[in-house]
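Peer 1: the amino acid sequence is not available; the structure is as follows:
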Ligand SMILES: C[S@@+](CC[C@H](N)C(=O)[O-])C[C@H]1O[C@@H](n2cnc3c(N)ncnc32)[C@H](O)[C@@H]1O
């Protein structure tokens, strides 16, 4: 079988589940993974035969993809902020919206490091709550190399993946295993300048409106809030921030698109000035909060 035939066969099989464009994108990604060649090189070598072991690998990937398993879990690869991250079913697949959260944090982090108003980059401390694959702390450490970065999660499996990604990118991150909803465990966390989080925010009641492949493969611990309380993590983060955020520190959180106003009000009710930011699709997606008494950021 030639490269060209292999790609055509895979793409055709994928149209059972995906529209033509998505099938073509996934087939390209898988073929690049299997052959190690970029699209342009595969086009040049399109009549080259695919080695038998690669044909077998491709068949195995196709079998998994046709169960509706996300391609990122099949290839154990997701791209975030221009870097490849190892992913498996212990962690949420990083989303493009979260890249925007990282951009927002790093813009503030950079400003603080240059304007000398308060913390310098040497001492900037950042904590990521619910780190999953580690995509947020690893990307922030790349963008703000002088920062000290901490990340926590309740899942052993997620922390193992995050540590693997931090090692692969050579970005030292301090990982801490805690249940963040248990205030008694906050003593394990440092005082920080920036708290960032993309916590679980989907109520169980949203289950029937979600894509089946998300429900079947992504960890429910990462998606759903306990007791149907969509704001439970923001409430905990706000309380933690009241005691563990340095003067003029900032909180940045990703939110459910329908809960921008409610999340803002939650922070305001706890003495913060809060602002909602939209994502690239124009949906409410992030909130920044600063203790009102210290508002100058
Ligand atoms: C929505 S995922 C976000 C993962 C990653 N930060 C990202 O943006 O791709 C939420 C993460 O919170 C973790 N988590 C869930 N409950 C938690 C808890 N009680 N304490 C700490 N982490 C928790 C999950 O294991 C999961 O990794």
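Peer 2: That came in fine, so what should we check first? Computed from a prediction, not measured in an experiment: that's the story for all the values here.
Peer 1: pLDDT of stretch 14-27, averaged?
Peer 2: For stretch 14-27, mean pLDDT is 95.
Peer 1: ok, and what's touching it?
Peer 2: Residues outside stretch 14-27 that contact it (Cβ atoms under 8 Å, 6 or more residues apart in numbering): 7, 10-12, 65-66, 68, 71. No exception for glycine: its C-beta is placed from N, CA and C like everyone else's.
Peer 1: identify the farthest-apart pair in those.
Peer 2: Maximum pairwise distance among the contacts of stretch 14-27 (Cβ to Cβ): 20.5 Å, between 7 and 68.
Peer 1: neighbour-wise, which of those two wins?
Peer 2: Taking neighbours as other Cβ atoms under 10 Å, residue 7 and residue 68 compare with residue 7 leading, 24 against 15.
Peer 1: and the nearest residue to the more buried one once chain neighbours are set aside, what is it in contact with?
Peer 2: Leaving aside its sequence neighbours, residue 7 sits nearest to residue 31 (Cβ to Cβ, 6 or more residues apart in numbering; 5.0 Å). Neighbour list for residue 31: 3, 6-7, 10, 37, 39, 42, 58 [criterion: Cβ under 8 Å, 6+ apart].
Peer 1: pull out the buried members of the residues you listed.
Peer 2: Using 16 or more other Cβ atoms under 10 Å as the burial test, the contacts of residue 31 include 3, 6-7, 10, 37, 42, 58 as buried.
Peer 1: which pair of these spans the longest distance?
Peer 2: 10 and 37 (14.7 Å).
Peer 1: how about the residue nearest to residue 7, phi and psi?
Peer 2: phi -70, psi -40 (degrees, to the nearest 10).
Peer 1: repeat that for residue 199.
Peer 2: phi -80, psi 170.
Peer 1: how close does the residue nearest to residue 7 get to residue 242?
Peer 2: 51 Å (Cβ to Cβ, to the nearest Å).
Peer 1: next: residue 13.
Peer 2: When residue 13 is compared with residue 242 (using Cβ to Cβ), they lie 54 Å apart.
Peer 1: show me which of the two is the more surrounded one.
Peer 2: residue 13 (15 against 12).
Peer 1: contacting residues for that one?
Peer 2: So residue 13 contacts 62, 65-66 (Cβ under 8 Å, 6+ apart).
Peer 1: can you pull the contacts of residue 47?
Peer 2: If you count contacts by Cβ under 8 Å, 6+ apart, then residue 47 has 2-4 around it.
Peer 1: would you check how far apart it and residue 8 are?
Peer 2: 13 Å.
Peer 1: for the chain, which strand is longest?
Peer 2: The longest strand of the chain (DSSP state E) is strand 245-254.
Peer 1: restricted to helices, list the buried ones among the contacts of residue 31.
Peer 2: Here DSSP state H is the test, and these give 3, 6-7, 10, 42, 58 as lying in helices.
Peer 1: which elements pack onto the next helix-or-strand element following the longest strand of the chain?
Peer 2: Where DSSP states H and E defines the elements, the next helix or strand beyond strand 245-254 is helix 260-269. Secondary-structure packing of helix 260-269 (3 or more Cβ pairs under 8 Å, 6 or more residues apart in numbering; DSSP states H and E): helix 232-244, strand 272-278, strand 284-291.
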